Structure formats: C-alpha cells, structure tokens
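> All I have is the shape, not the residue letters:
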C-alpha cells in the first residue's frame with residue numbers, strides 16, 4: 001500500500017491534538033462533554049492534517065444513515081437527470097446525502113442494486129416506476145426504510161408514489177390527434193418490455209383510438225433503447241410499409257426528433273403531409289424549426305415533491321402531479 005495515499009486516521013488527529021480518540025469523536029459529532037479549549041485543539045488538528053470524518057462508518061454503528069439511495073434506469077436520458085435535480089435540491093437543504101445507481105432498464109440489475117444499497121441502511125430508497133421483480137419488492141418491504149416510486153401512478157405503490165398516469169397521457173395524445181382530424185395513425189416506439197411506462201402510454205393511446213372507431217394503421221417497435229437514430233429508422237420503416245399514414249405517435253421525444261429529422265431529410269412536409277407527436281416535451285424539441293408536439297412532464301417537480309414527502313415523513317400515498325399537452329407545430 002502506498003502510505004502517501006493512506007487517509008488520515010482518527011488516531012492521528014487525537015495524537016496531534018494531545019487527546020484521546022473518544023474525545024475527538026465527541027467533538028466531531030458535537031455530542032457529549034468537552035471544553036471549548038479542547039474543541040479548538042481538535043479542530044486545529046483536523047484542519048492541519050486535512051482529516052475527513054468517515055460519517056458512513058459512524059452512522060452504521062447506529063440504526064441508519066442520512067443516505068437516500070436513488071435508482072434510475074439511465075443517466076444518459078435527461079428525463080432522469082431532471083428528476084435527480086429535483087430530489088437533490090430538496091435533500092441538500094436538510095443535509096441528506098443522495099447516492100445514485102443505474103439499472104440500464106434491467107429489472108434483475110435493479111434487484112441486485114436494491115440489495116446492495118440496503119446493506120448501507122439508507123433512510124429511503126427511490127426508484128423509477130412501479131414494476132419491479134418480486135425479489136425487489138420483498139427486499140423493499142422488509143427493509144424498514146421509506147420507499148418512493150417516481151414517474152408513474154398506474155399501479156399499486158409499495159409506500160409513496162409521485163408521478164402521473166401514463167395511460168392518461170397516451171389517451172390525451174390520441175384525443176389530440178383525433179381532434180385535429182388525423183385518422184391514419186401509426187406508432188413508433190422503443191423496447192417496451194423494459195420501459196413499461198411507454199407500454200402503458202401505448203395502451204391508453206390505442207384505447208382512445210378504439211373509442212373513436214379507429215385502429216393503429218401501423219406500428220414499429222425498435223428492439224433497442226430510445227434514441228434519435230431509432231426514431232429516424234423506425235419512421236422510415238413505417239412509411240415504406242404504410243405510405244398513406246398521416247400521423248405518427250412516438251414513444252418519446254428522442255424518437256420523435258429522429259422522425260422529424262427523417263422528414264426533413266426526404267422532404268416530407270410536417271404537419272401538412274405527416275403529423276408528429278412525442279412525449280416529455282424536451283427542451284431541444286421546443287427549438288427545432290417547428291417545435292415538436294408533445295406531452296410536458298413535470299420531472300423536476302416530481303423529484304422535489306418526492307423528497308419533500310420523505311423529509312416530512314408523510315404517510316403512504318399516491319401523488320398525481322399531472323401533465324400538459326404541448327401542441328407545438330408538428331401536429
């Protein structure tokens with residue numbers, strides 16, 4: 001071991017201050033009896049040596065830690081970054097430490113990560129969505145900590161759920177296209193087996209179409225995560241099979257942006273020849289030559305509200321923050 005990189009220990013601080021380790025511990029925790037002179041000596045030694053207390057080790061000696069574990073499907077998707085922003089801003093006010101883990105939309109990986117973070121005895125675990133393996137649900141129910149499930153309320157939460165109805169969002173999207181007079185409607189989406197929320201949106205969308213006496217003219221499900229390239233290729237495939245389609249619903253704005261780029265590249269007039277609508281109302285899609293029609297989701301608010309409920313020690317509940325349809329100029 002390279003001793004130059006070894007962390008300064010509590011014993012070294014105690015030796016530099018000329019006191020016992022237990023005294024240093026009491027000063028750093030600001031708990032127990034010690035004089036102001038002793039505190040000054042200890043803090044001078046801490047400052048001189050650059051000592052950083054191992055707060056996790058100390059907390060594990062008690063019943064828990066001030067940690068809040070947040071497990072998300074991806075960090076490359078701005079949606080989850082927005083949620084994390086809302087959570088961390090609220091937690092920082094109360095000096096709670098957020099730690100993150102990424103599942104890559106793999107439910108078994110989520111289960112393994114839940115087991116790993118629970119070993120640190122967090123104060124709470126936050127996850128995205130309501131669908132988990134039975135093993136994950138058992139772990140969380142037995143953990144004795146708060147559980148907050150975010151971005152979805154279409155189901156039964158373990159403890160607290162904060163989000164909106166994806167089925168309702170899908171229905172609202174279909175209603176908008178129907179109201180605009182579109183009847184030959186297709187769908188382009190990404191892997192729905194892992195992203196269950198996109199599957200719920202499609203269910204609601206199809207239900208609304210059926211109520212109006214319509215059916216999907218075509219659908220393209222890409223066996224891959226959502227991306228601009230997947231949306232572009234997906235729309236090209238749909239139009240090659242069903243050239244008379246007059247509107248396309250994309251599973252999210254990444255996919256819709258790709259569809260819009262395809263239209264630009266081959267000269268398809270939007271929305272005169274083909275309407276495009278997505279989901280999430282990402283900032284980039286508001287600044288395309290024609291702002292893309294979408295559903296605005298209140299992602300930062302969801303994160304903030306979940307953190308506030310945790311800090312309030314609120315009872316188990318479901319909080320619907322709603323969504324907003326943004327007409328844009330593409331539908």
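Thanks, I have the structure now. Remember, it's a predicted structure, so these values are computed and weren't measured experimentally.

> State the number of residues packed around residue 94.
11 (other C-beta atoms under 10 Å). Where C-beta positions appear, they are placed from N, C-alpha and C, glycine not excepted.

> Can you get me a residue count around the closest residue to it other than its chain neighbours?
The spatially closest residue to residue 94, leaving aside those adjacent along the chain, is residue 311, at 5.5 Å (C-beta to C-beta, 6 or more residues apart in numbering). Neighbour count for residue 311, taken as other C-beta under 10 Å: 16.

> residue contacts, residue 311?
Going by C-beta atoms under 8 Å, 6 or more residues apart in numbering, residue 311 touches 90-91, 94, 96.

> Which of the residues you listed are buried, as a PyMOL select command?
Only the buried entries of these go into this PyMOL selection, using 16 or more other C-beta atoms under 10 Å:
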select buried, resi 90+91+96
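
> Lowest-confidence entry in the contacts of residue 311?
Lowest pLDDT of the contacts of residue 311: residue 94, 83.

> mind checking how far residue 69 is from residue 313?
Note on residue 69: its distance to residue 313, by C-beta to C-beta, to the nearest Å, is 17 Å.

> To clarify, my last question referred to residue 227.
For residue 227, the distance to residue 313 - C-beta to C-beta - is 40 Å.

> of the two, who's got more company?
Neighbours were counted for residue 227 and for residue 313 using other C-beta under 10 Å; residue 227 has more, 18 against 7.

> now the helices for the stretch 201-331 of the chain?
228-241, 253-266, 299-311 (DSSP state H, counting those that start in this stretch).

> could you dump those to JSON lines with mean pLDDT and distance to residue 247?
Compiled in JSON lines, those are given as follows (pLDDT from 0 to 100; distance: least, C-beta to C-beta, whole Å):
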{"stretch": "helix 228-241", "mean pLDDT": "97", "distance to residue 247": "11"}
{"stretch": "helix 253-266", "mean pLDDT": "97", "distance to residue 247": "11"}
{"stretch": "helix 299-311", "mean pLDDT": "97", "distance to residue 247": "26"}
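
> right, and those - which one's nearest residue 204?
helix 253-266 (17.2 Å; C-beta to C-beta).

> Name the residues of that closest one that are buried.
253-263.

> Next one: the residue nearest to residue 44 when sequence neighbours are not counted from residue 89, what distance?
The shortest distance from residue 44 to any non-neighbouring residue, by C-beta to C-beta, 6+ apart, is to residue 17 (7.3 Å). Using C-beta to C-beta, we find residue 17 at a distance of 37 Å from residue 89.

> What of residue 12?
Residue 12 sits at a distance of 36 Å from residue 89 (criterion: C-beta to C-beta).

> what about those two, which has more around it?
For residue 12 versus residue 89, the count of surrounding residues by other C-beta under 10 Å is larger for residue 12: 16 against 13.

> related to what we said a few turns ago, present the helices of the stretch 201-331 of the chain as TSV; the columns should include distance to residue 42.
Putting the helices of the stretch 201-331 of the chain into TSV (distance: least, C-beta to C-beta, whole Å) gives the following:
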stretch	distance to residue 42
helix 228-241	56
helix 253-266	53
helix 299-311	31
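
> And the ones you listed: which comes nearest residue 129?
Nearest of these to residue 129, taken as C-beta to C-beta: helix 299-311 at 12.0 Å.

> Wait, residue 201 touches residue 164, no?
No. Between residue 201 and residue 164 there is no contact under C-beta atoms under 8 Å: 10.6 Å.

> So which of these two has more stuff around it?
More neighbours surround residue 201 than the other of residue 201 and residue 164, with 30 against 22 (other C-beta under 10 Å).

> how much space between the spatially closest residue to that one that is not a sequence neighbour and residue 16?
Distances taken as C-beta to C-beta, 6+ apart place residue 170 nearest to residue 201, at 3.8 Å, with adjacent residues excluded. Distance of residue 170 to residue 16, given as C-beta to C-beta: 64 Å.
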